[in-house]
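Trainee: Model the structure of this input:
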Amino acid sequence: MKNFSPKKVLLPLCLLACLLLLGLQGDSQVSAALERSIYKNLKTFNEVLDMVQKNYVEDVDSKKLLEGAINGMMKSLDPHSTYMTAEMYKDLEVETRGSFGGIGIEITIKKDMLTVVSPIEDTPAYNAGIKAGDHIIQIDGKSTKDITIMEAVKKLRGPQDSKVTITIMREDMAKPKDFVITRSIIKIKSVKSKIYDEHIAYIRVSSFQERTADDLKKVLKDIKAKNGALEGIILDLRNNPGGLLNQAVAVADVFLKSGVIVTTKGRTRNMETKSVAKDDGDEPTCPIVALVNEGTASAAEIVSGALQDNGRALILGTQTFGKGSVQTVIPLEDGSALKLTTAKYYTPSGRSIQAEGIKPDIIVKYIRPSEDKEMTDDFIRERDLMGHIKPKKDNDTNKDEGAKKEQDNLTQDNQLKSALDIIKSWDIMKKNLKS
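Mentor: Numbering: from 1, shown residues only. All right, here's what the predicted structure looks like:
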């Protein structure tokens, strides 16, 4: 049996307890009664650990036992508080830079089930058909019951071109379905754009990484240089699982000249923050419609809530995910870290996002396009008449192909079409209605 020293175990546990107390209590004095209670419980824990080490049927690894105890403590708090080993912490740092290995999904624990918050665009999970709200009940044939977020992440990550099988259950399924997904290096391009009707910009923000706000500013600058003044912007935040808080604030600030963006409130004063927009003089002044759905979470909810409460954008789609808590990453001496929920987000009007989400101004449910047959209608048009005069062909064939692709996108996405129609109507009303 391995040598075991209660003092060696008790010391790091005490240090951990002190770290948590300092983080939660700030500079306030911890009461003597609370101190006695904590040390009494630590003593009990130490006795149990000692007993397991001495009497368990097989030799056990004390480090593994301690990590299990810490994981259990974190799990008793909420789905987002977790302990990360040194390896997991490094993976987290890599992920925020926008490149990591895996299948490309954001996950959480919802009603004790491992649940997909959102698949990330253009990743193996997205291409395989994984959807927001899917319950992952098995990974490689092993149940996910009682699994932690970080344990699940570790199982889903892996070398490029290796395979992982996830068993999915969703509302419209009669029985679970296996998805065999080939892992790849996930490189997230968080901002994409295109132009509709020459002066309406569609901007897709898929996540909030280190350079998202800078990339957004560059996209807007390039669009303005090529297309001139914009008549409207469609900001697509659907299936955006969130990311870095500072980037959410910076993205909202791109569209706001003034006003509160988000506030955070925790148990201590040092967790209370207020982010306010700055007038940089180059904010777009055209109408904005932001698209959201049940896969819009966390940082994406901050942006949509800020634009909604400041009257800067119409929010269209379905109610968002409702992940409104702040996690602070606290590095530990051995290279591991705690990701601890320390505050909640509030929109400028004081609404809590947590478990509520953002309710759209205009509710438009996504209608899945029919895959059985090509969309047609029964109307006869000039082009259907025999011998009709054919239109003069545009020498720019790429322009024709681009217009067709635009139309295909709109027939496949009713929410996007609704947003585009609103912006077009906005311009018409502004020109024709008297104030």
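Trainee: for the protein, longest strand please?
Mentor: Of all the segments of type strand in the chain, defined by DSSP state E, the longest one is strand 337-346.
Trainee: just checking, what packs against the helix or strand hosting Ala252?
Mentor: Per DSSP states H and E: Ala252 is located in helix 245-255. Judged by 3 or more CB pairs under 8 Å, 6 or more residues apart in numbering; DSSP states H and E, the packing partners of helix 245-255 are helix 212-227, strand 260-266, helix 299-309. From N, CA and C alone the C-beta is placed, and that goes for glycine too.
Trainee: switch the cut-off to 10 Å
Mentor: If contacts are counted by 3 or more CB pairs under 10 Å, 6 or more residues apart in numbering; DSSP states H and E, helix 245-255 sits against strand 200-205, helix 212-227, strand 232-236, strand 260-266, strand 273-276, helix 299-309.
Trainee: tell me which residues of that helix are tucked away?
Mentor: Residues of helix 245-255 classed as buried under the neighbour-count rule (16 or more other CB atoms under 10 Å) are Leu245, Gln247, Ala248, Val249, Ala250, Val251, Ala252, Asp253, Val254, Phe255.
Trainee: With pLDDT and distance to Leu66 as new columns, can those residues be given to me in TSV?
Mentor: Formatted as TSV, those follow (pLDDT from 0 to 100; distance: CB to CB, whole Å):
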residue	pLDDT	distance to Leu66
Leu245	91	31
Gln247	96	35
Ala248	97	35
Val249	97	37
Ala250	98	39
Val251	98	40
Ala252	98	41
Asp253	98	43
Val254	98	45
Phe255	98	47
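Trainee: So the spatially most central residue of the chain: helix, strand or coil?
Mentor: Closest to where the C-alpha atoms of the chain average out (CA atoms, centre = their mean) is Pro241, at 1.3 Å. Secondary structure, DSSP: H, G, I helix; E, B strand; the rest coil: Pro241 is coil.
Trainee: Show the contacting residues for it.
Mentor: Applying CB atoms under 10 Å, 6 or more residues apart in numbering to Pro241 gives the contacts 105-108, 116-120, 132, 206-208, 295-300, 321, 323.
Trainee: Go again with 7 Å.
Mentor: Residues in contact with Pro241 (CB atoms under 7 Å, 6 or more residues apart in numbering) are Glu106, Val117, Ser118, Ser207, Gly295, Ala297, Ser298.
Trainee: The fourth one contacts Leu237, doesn't it?
Mentor: No - proximity of Ser207 to Leu237 does not meet the contact threshold set by CB atoms under 7 Å, at 10.0 Å.
Trainee: okay, those two: which has more neighbours?
Mentor: Higher neighbour count among Ser207 and Leu237: Leu237, with 29 against 26, using other CB atoms under 10 Å.
Trainee: Let me know whether the more buried one touches Ser298 as I believe.
Mentor: No - contact criterion CB under 7 Å: Leu237 and Ser298 do not qualify, at 10.9 Å.
Trainee: chain center to the longest strand of the chain: distance?
Mentor: Offset of strand 337-346 from its chain centre (CA atoms, centre = their mean, to the nearest Å): 15 Å.
Trainee: Repeat that for stretch 118-135.
Mentor: Counting by CA atoms, centre = their mean, stretch 118-135 is centred 12 Å from the centre of its parent chain.
Trainee: Then stretch 210-222?
Mentor: That offset, for stretch 210-222, works out to 19 Å (CA atoms, centre = their mean).
Trainee: Dump it to CSV, restricted to CA.
Mentor: Extracted in CSV, the C-alpha atoms of stretch 210-222 (Å, rounded to 0.1, in the frame of the first residue of the first chain):
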residue,chain,number,x,y,z
GLU,A,210,-10.1,36.6,-28.9
ARG,A,211,-10.4,38.5,-32.2
THR,A,212,-14.1,38.5,-32.9
ALA,A,213,-14.7,42.3,-32.3
ASP,A,214,-11.7,43.2,-34.5
ASP,A,215,-12.9,40.9,-37.2
LEU,A,216,-16.3,42.4,-37.1
LYS,A,217,-14.9,45.9,-37.4
LYS,A,218,-12.9,44.9,-40.4
VAL,A,219,-15.9,43.2,-42.1
LEU,A,220,-18.0,46.4,-41.6
LYS,A,221,-15.1,48.6,-43.0
ASP,A,222,-14.7,46.4,-46.0
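Trainee: To Val153, which of the helices and strands packed on helix 245-255 lies closest?
Mentor: helix 299-309 (18.2 Å; CB to CB).
Trainee: And the very next helix or strand once past the closest one, what does it pack against?
Mentor: Using DSSP H and E, the helix or strand that follows helix 299-309 in sequence is strand 314-317. Strand 314-317 makes packing contacts with strand 288-292, helix 414-432 when contacts are defined by 3 or more CB pairs under 7 Å, 6 or more residues apart in numbering; DSSP states H and E.
Trainee: Low-confidence regions, the stretch 51-200 of the chain specifically.
Mentor: For the stretch 51-200 of the chain, applying pLDDT under 70 flags the ranges 94-99.
Trainee: For it, which segments count as helices?
Mentor: 62-75, 86-96, 124-128, 149-156 (DSSP state H, counting those that start in this stretch).
Trainee: List the buried residues for stretch 189-209?
Mentor: By neighbour count on 16+ other CB under 10 Å, the buried set for stretch 189-209 is 190-191, 193, 196, 199-209.
Trainee: Tell me how far that stretch lies from the chain's centre.
Mentor: The mean C-alpha position of stretch 189-209 is separated from the chain mean by 17 Å, CA atoms, centre = their mean.
Trainee: Just the CA trace of that stretch, in CSV.
Mentor: Listed next in CSV are the C-alpha coordinates belonging to stretch 189-209 (Å, rounded to 0.1, in the frame of the first residue of the first chain):
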residue,chain,number,x,y,z
LYS,A,189,-13.9,31.8,-38.2
SER,A,190,-16.2,33.7,-35.9
VAL,A,191,-17.3,36.4,-38.3
LYS,A,192,-18.7,35.8,-41.9
SER,A,193,-20.6,38.2,-44.1
LYS,A,194,-22.5,38.6,-47.4
ILE,A,195,-24.5,41.3,-49.1
TYR,A,196,-28.2,41.2,-50.1
ASP,A,197,-29.8,43.6,-52.5
GLU,A,198,-26.4,45.5,-52.8
HIS,A,199,-26.9,47.5,-49.6
ILE,A,200,-28.1,45.1,-46.9
ALA,A,201,-25.4,43.4,-44.9
TYR,A,202,-25.8,39.9,-43.5
ILE,A,203,-23.2,39.4,-40.7
ARG,A,204,-22.9,36.0,-39.0
VAL,A,205,-21.1,35.8,-35.6
SER,A,206,-20.7,32.1,-34.7
SER,A,207,-18.8,32.5,-31.4
PHE,A,208,-16.9,35.0,-29.3
GLN,A,209,-13.1,34.4,-29.6
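Trainee: picking up where we left off before, just the residues contacting the helix holding Ala252, thanks.
Mentor: Applying CB under 7 Å, 6+ apart, the contact partners of helix 245-255 are 205, 208-209, 212-213, 216-217, 261-262, 275, 277-278, 283-284, 288, 299, 302-303, 306-307, 312, 326.
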